[in-house]
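> need a structure here:
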Amino acid sequence: MDISSNKIYAPDMPMGFDIALAKNEAVKNYFYSLPEPVQKQIIAHTQTIQSKEEMQTYADSLVSGNSAGL
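Residues are numbered from 1 along each chain as shown. Presented below is the predicted three-dimensional model:
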């Protein structure tokens, strides 16, 4: 899947979330398959996350159906 057409670029993507996506291919593919307004909503939620572990847990929750932060 070519995700480049759906990529939200670096100025908009928090580094910690970008790293979390890189660690989980399923999450990355899911995130980039979402419409841009939903991606932005997820990114806005990441601004409240305080640790790497919490960021990874949140990212992983996107594909497990536990994305209560949306």
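
> got the contact list for the lengthiest helix in the chain?
Criterion DSSP state H: the longest helix present in the chain is helix 52-64. Counting contacts by CB atoms under 8 Å, 6 or more residues apart in numbering, the residues outside helix 52-64 that touch it are 16-17, 19-21, 23-24, 26-27, 30-31, 42, 45-46, 49, 67-69. (Each C-beta comes from the backbone N, C-alpha and C, glycine too.)

> go with 6 Å
16, 20, 24, 26-27, 30, 49, 67 (CB atoms under 6 Å, 6 or more residues apart in numbering).

> Next, count neighbours for A59.
26 (other CB atoms under 10 Å).

> Check what pLDDT it gets.
At A59, the pLDDT value in this model is 96.

> and it, how far is that from P35?
As for A59, its distance to P35 is 18 Å (criterion: CB to CB, to the nearest Å).

> ok now stretch 31-38, how far from the chain's centre?
Centroid separation for stretch 31-38 versus its chain: 9 Å, with CA atoms, centre = their mean, to the nearest Å.

> What of stretch 32-46?
That offset, for stretch 32-46, works out to 7 Å (CA atoms, centre = their mean).

> Stretch 53-60 now?
Distance, centroid of stretch 53-60 to centroid of chain: 9 Å (CA atoms, centre = their mean).

> Just the buried residues of it, please?
55-56, 58-60 (16 or more other CB atoms under 10 Å).

> And for stretch 38-50?
Buried-residue list, stretch 38-50, by 16+ other CB under 10 Å: 39, 42-43, 46, 49.

> what mean pLDDT does that stretch have?
For stretch 38-50, the per-residue pLDDT averages 93.

> Might you calculate how far that stretch sits from the centre of the chain?
On CA atoms, centre = their mean, the centre of stretch 38-50 falls 8 Å from that of its chain.

> Please apply the same query to stretch 19-27.
8 Å.

> What of stretch 48-58?
Taking mean C-alpha positions (CA atoms, centre = their mean), stretch 48-58 and its chain are 11 Å apart.
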